[in-house]
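Colleague: From the sequence below, what's the structure:
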Amino acid sequence: MRHDSDTSALAERVVAYKSDPEKLRQATEFVDELIQQAKKQAELKQKEKDRRLIGSDRAVSVAKERSDAVDCDGFFNSDAIMT
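Modeller: Below is the predicted model of the structure:
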């Protein structure tokens, strides 16, 4: 039953906001700000993730270069360094 009362209370608040242009404008601005903040945070997290992946790819590349410089017997392979 609490769900029904919460739903009706929310419906009443929505009606009040829709009937008051100033409240509707404020609510719209607030939601727009939240969306912009969420976008910025998502972009920052993606950039951070990309940096970690690039760093990881570079580490793998360096490790591969180092392993190519040593042949399967564990001896230094000078041909791998020259290329």
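
Colleague: longest single helix anywhere in the protein?
Modeller: helix 21-68 (DSSP state H).

Colleague: name the helices or strands packed onto that one?
Modeller: Helix 21-68 makes packing contacts with helix 2-19 when contacts are defined by 3 or more C-beta pairs under 8 Å, 6 or more residues apart in numbering; DSSP states H and E. Glycine gets a C-beta too; all of them are placed from N, C-alpha and C.

Colleague: which strands and helices sit next to the helix it packs on?
Modeller: helix 21-68.

Colleague: Could you check how far Ala9 is from Lys23?
Modeller: With distances taken as C-beta to C-beta, to the nearest Å, Ala9 is found 16 Å from Lys23.

Colleague: For those two, indicate the residue with more neighbours.
Modeller: Lys23 (13 against 10; other C-beta atoms under 10 Å).

Colleague: Identify the residue spatially nearest to the more buried one, adjacent ones excluded.
Modeller: Distances taken as C-beta to C-beta, 6 or more residues apart in numbering put Tyr17 closest to Lys23, at 4.6 Å, once the chain neighbours are dropped.
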